[in-house]
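*Asks:* following is a predicted model, sequence given first.
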Amino acid sequence: MKDPRIQKLAQNLVGYSVNVQPGENVLVEMIGSERDLLNAIIEEIGKAGGNAFVQLTDKTVLRSMLMGATEAQLKTWAEIDLKRMELMDGYIGIRAGENANDLSDVPEEKMKMYNALYSHPVHSEERVKRTKWVVLRYPNASMAQLANTSTEAFEDFYFKVCNLDYAKMDKAQDPLAELMRKTDKVRIVSPGTDLHFSIKSIGAEKCAGEKNIPDGEVYSAPVRDSVNGTISYNTPTLYNGITFENIKFRFENGKIVEATSNDTKRLNEILDTDEGARYIGEFAIGFNPHILHPMKDILFDEKIAGSLHFTPGQAYDVTDNGNTSSIHWDLVLIQRPEYGGGEIYFDDVLIRKDGIFVIPELQGLNPENLV
């Protein structure tokens with residue numbers, strides 16, 4: 001018997017996140033072998049009068065392709081997929097791979113070439129900027145291992161998080177988005193962190209289930225050259241299949257001038273991908289009440305209650321600070337007491353302490369008010 005939670009999720013993705021209209025073309029990309037959600041989405045797109053197109057991807061096959069990829073091959077590959085993306089009105093991406101580290105041994109120069117020649121034009125430029133899109137993970141044993149839970153417990157957690165009342169969350173985000181649009185100076189303080197920057201005139205955008213599932217953040221970007229100080233991230237992160245921990249950056253006039261981690265050499269190779277990789281393209285505050293601990297999956301980790309992320313690389317068009325890059329690497333700092341605590345100040349006013357919003361207009365985003 002079909003799990004009713006899957007059908008509800010498919011309805012939310014098609015009807016709310018992408019808001020499929022009659023006659024619209026929607027590409028559904030499945031990375032992995034899961035089929036129940038894929039079939040439910042195709043069914044819901046049909047009910048909405050849309051046209052479903054499907055791309056099935058296997059990361060082990062992708063690895064084989066990348067190991068032998070040439071510049072000419074990647075350009076042709078991107079040209080083919082870019083043309084298809086141009087024909088789409090919407091995109092639903094489901095990530096359900098069995099091994100998060102499948103690409104860990106692809107040479108760094110191959111991954112840089114893939115990100116620059118394929119991912120950037122097809123996804124960062126076309127899909128992100130010109131389609132209605134949403135990306136999500138799907139629960140499997142691999143994700144349960146990353147979360148240190150049983151598979152059944154992770155599935156229960158997953159559907160609780162993904163089928164949250166995002167319309168309610170959307171309204172609760174309004175005061176924070178408005179405050180960020182009026183803010184000039186931001187200061188972030190945590191153990192190993194004292195960071196200053198401006199978000200003046202950059203703007204702010206709400207995230208409540210329309211681009212990512214799960215969701216729960218409001219984002220902006222720093223004025224490109226305004227970042228000074230240090231930040232110590234306390235959340236492990238996967239990049240191209242490699243786990244990085246204890247990442248610490250020191251900034252001077254917007255640029256990362258010193259970067260260390262458990263793999264400092266590889267970290268700096270990523271930051272040297274292009275000029276924009278050493279500047280920040282996003283500053284966001286996370287508050288999903290059900291996501292409390294990191295699991296090395298950025299779609300979940302960047303929404304952790306009481307967190308923020310400060311992202312080297314490409315800025316979004318809607319909060320554009322002029323930074324361009326082929327990377328966009330969301331790195332997370334959790335400020336709840338069990339992770340060391342911390343404060344966020346807007347124009348010298350404390351707005352969040354130890355992960356809890358303290359000014360009245362933002363308290364609707366505290367966990368007890370979103371569950």
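*Replies:* That came through, no problem. Numbers count the residues shown, from 1 in each chain.
*Asks:* from here on, contacts and neighbour counts on C-alpha atoms
*Replies:* Noted.
*Asks:* any idea how far the nearest residue to residue 256 once chain neighbours are set aside is from residue 239?
*Replies:* Distance criterion CA to CA, 6 or more residues apart in numbering; nearest residue to residue 256, sequence neighbours excluded, is residue 278 at 5.1 Å. Relative to residue 239, residue 278 is positioned 16 Å away (CA to CA, to the nearest Å).
*Asks:* and residue 74, what helix or strand is that in?
*Replies:* Element membership for residue 74 (DSSP states H and E) is helix 71-86.
*Asks:* show me what whichever helix or strand comes after that helix pairs with in its sheet, parallel or antiparallel.
*Replies:* Past helix 71-86, heading to the C-terminal end, the next element that is a helix or strand (DSSP H and E) is strand 90-96. In its sheet, strand 90-96 lies beside strand 25-32 (parallel), strand 132-137 (parallel), with partners assigned from DSSP bridges.
*Asks:* for the record, mean pLDDT for the longest one?
*Replies:* Okay, so that is strand 25-32. Summarised as a single mean, pLDDT over strand 25-32 is 94.
*Asks:* surely residue 346 touches residue 184?
*Replies:* Yes - Residue 346 is in contact with residue 184 according to CA atoms under 8 Å; the separation is 7.3 Å.
*Asks:* quick check: neighbours shared by these two?
*Replies:* Counting by CA atoms under 8 Å, 6 or more residues apart in numbering, residue 346 and residue 184 have no common neighbour.
*Asks:* got the contact list for the helix holding residue 74?
*Replies:* 27, 113, 114, 117, 118, 119, 121, 122, 126, 127.
*Asks:* distance check, the spatially most central residue of the chain against residue 184.
*Replies:* Centre of the chain computed as the mean C-alpha position; nearest residue by CA atoms, centre = their mean is residue 299, 4.8 Å away. Using CA to CA, one obtains 28 Å as the distance from residue 299 to residue 184.
*Asks:* kindly report the same for residue 328.
*Replies:* Distance, residue 328 to residue 184, by CA to CA: 23 Å.
*Asks:* so which bits of the helix or strand of the chain with the lowest mean pLDDT are buried?
*Replies:* One helix or strand of the chain scores below all others by mean pLDDT, DSSP states H and E: helix 141-146, with a mean of 80. Burial within helix 141-146, assessed by neighbour count using 16 or more other CA atoms under 10 Å, is assigned to 141, 143, 144.
*Asks:* without its sequence neighbours, what residue ends up closest to residue 250?
*Replies:* Of all residues apart from its sequence neighbours, residue 230 sits closest to residue 250 (CA to CA, 6+ apart), at 4.4 Å.
*Asks:* so that neighbour touches residue 248, yeah?
*Replies:* Yes - judged on CA under 8 Å, residue 230 makes contact with residue 248 at a distance of 7.2 Å.
*Asks:* more neighbours: which of these two?
*Replies:* residue 230 (22 against 19; other CA atoms under 10 Å).
*Asks:* and that one, its phi and psi?
*Replies:* Dihedral angles of residue 230 (phi, psi; degrees, to the nearest 10) stand at phi -130, psi 150.
*Asks:* what sits against it?
*Replies:* For residue 230, the contacting residues are 192, 193, 194, 195, 248, 249, 250, 251, by CA under 8 Å, 6+ apart.
*Asks:* just confirm the fourth one is within a helix.
*Replies:* No - read with DSSP: H, G, I helix; E, B strand; the rest coil, residue 195 is strand and lies in no helix.
*Asks:* OK, contacts around it?
*Replies:* Remark: with contacts taken as CA under 8 Å, 6+ apart, residue 195 is in contact with 187, 188, 189, 227, 228, 229, 230, 231.
*Asks:* the last one too?
*Replies:* For residue 251, the contact set (CA under 8 Å, 6+ apart) comprises 227, 228, 229, 230, 257, 258.
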